[in-house]
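Student: Build me a structure from this.
(chains A and B)
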Amino acid sequence: MKVLFLTGPTACGKTEYAIRLAQDYNGEIVSADSMQLYKYMDIGSAKPTPEERAQAKHWLVDEIDPKTPFNVSDYQKTARSYIADIAGRGKLPIVSGGTGLYINALLYDMDFSAPKGDDGFRQRVWQECGEDPRKVHERLRALDPDAAEAIHPNNVKRMLRAIERLEHGEAKLAAFTDIETPYPDYDSLLIGLDRDRAELYDRINRRVDKILEAGLEEEVRSLMAKGFTSKDIAMKGIGYKEVIDCLSEGRPIEEAAELIRKNTRHYARRQLIWLRRYPQMHWVPLQGDAFDEEAYGRMKETIATWRKNGR
RNA sequence: GGUGGCAUAGCCAAGUGGUAAGGCACGGGUCUGCAAAACCCUGAUCCCCGGUUCAAAUCCGGGUGCUACCU
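Tutor: Sure, this is the predicted structure:
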């Protein structure tokens, strides 16, 4: 089945173009955004508005309760079933979002059958190692020297996950060549929206202002009232973590604003770096705040060529 | 006009004679179960000129700029 992927860094305009594509190609949108899929996080995650969602059917937006965290594996399973369903109804599935790992999970035949994360287990290992990254690394090396070689000794999170898998039965961590194997059911087209870096950063700044004006602080307070703390996923997104810190430390919200801008810029840069590695990416540079009809026209040409060919 | 202080990377900043810490930003990168996460990599010869010395960002003299206080 044909699956269209639309991606790009945060604040580049994905929502707008995805909706237009859905309208023009009789499509439905499956989000690939690790924050927008949660409920209650509307303003800070820049979810498509109700009006926007009325213009095109969106899946995996506002669906999951932040109390029951969702991971790549869950995402892969859920998104694949939506995609199959959409295609089964004769419509075009349009995956739109900027969470690179989630896109990988759909694009490639990635295997998430390994035992899932067990926080307690990792905590225990971390303590057994005296919370010393070097000891964790040694323990990993004893189990699988190649894995120890591949993971940086400071990256505690990754080392613990590797140890977890190895101590739960895997003799050796796979070399993960599956990201070279496209998921066989899909004939996918990857389109990446891009903008001049300065323009992107300017859009980010403006978006942060807009989000704050729209009531991010209120949203965070209401999440707090629902019992969410900084340990919950709902408070770990950019925008949420900065505001909750300011609130709990009694610092002015302007300080949070500056941090949100910075963290969003960093995020956008990392997204761009991630996306660069797709050799099959069709980059479409966008310009200006208005809908870029010219760029959209080029996008349509790319899609037309893709639709003509097979499957 | 006088007196004192300061002048080190885009920003903050350590270093008081032995050949430039650190932080932030910017840029680059890794990526298989919280990914809006976690982690990694990258930059200067120290305002200018002259002097002392084997050796100066560090001492001396002169300039320039900023700053504080005074008149």
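
Student: so where is chain A shaky, pLDDT-wise?
Tutor: Judged against pLDDT under 70, the low-scoring parts of chain A cover residues A:310-311.

Student: Identify, by residue count, the longest helix of chain A.
Tutor: In terms of residue count, the longest helix belonging to chain A (DSSP state H) is helix A:253-275.

Student: Spatially, which residue comes closest to the most centrally placed residue in chain A, not counting chain neighbours?
Tutor: When C-alpha atoms, centre = their mean is applied to chain A, the residue found nearest the centroid is A:Thr99 (2.1 Å). For A:Thr99, ignoring the flanking residues on the chain, the nearest one in space by C-beta to C-beta, 6 or more residues apart in numbering is A:Ser34 at 4.4 Å. Any C-beta I mention is one placed from the backbone N, CA and C, and that applies to glycine too.

Student: residue of the stretch 151-300 of chain A with the smallest distance to RNA strand B?
Tutor: Scanning the stretch 151-300 of chain A for the residue nearest RNA strand B gives A:Phe176, at 2.6 Å (criterion: C-beta to the nearest atom of the strand).

Student: sorry, back to before: does the residue nearest to the centre of chain A touch A:Leu37 like I think?
Tutor: No. Proximity of A:Thr99 to A:Leu37 does not meet the contact threshold set by C-beta atoms under 8 Å, at 9.3 Å.

Student: distance of A:Gly169 from A:Leu272?
Tutor: The span separating A:Gly169 from A:Leu272 equals 38 Å under the rule C-beta to C-beta, to the nearest Å.

Student: Between the two, which is the more surrounded one?
Tutor: In this comparison of A:Gly169 against A:Leu272, neighbours counted by other C-beta atoms under 10 Å, the higher total goes to A:Leu272 at 19 against 8.

Student: what about A:Val220, distance to A:Gly239?
Tutor: Using C-beta to C-beta, one gets 8 Å for the distance from A:Val220 to A:Gly239.

Student: Equivalent analysis for A:Thr181, please.
Tutor: Using C-beta to C-beta, we find A:Thr181 at a distance of 36 Å from A:Gly239.

Student: Comparing these two, which shows the higher neighbour count?
Tutor: Remark: of A:Thr181 and A:Gly239, A:Gly239 carries more neighbours, 27 against 12, as counted by other C-beta under 10 Å.

Student: any idea whether the nearest residue to the more buried one once chain neighbours are set aside is helix, strand or coil?
Tutor: Using C-beta to C-beta, 6+ apart and skipping the chain neighbours, the partner closest in space to A:Gly239 is A:Gly44 (3.6 Å). On the three-state scheme (DSSP: H, G, I helix; E, B strand; the rest coil), A:Gly44 is labelled coil.
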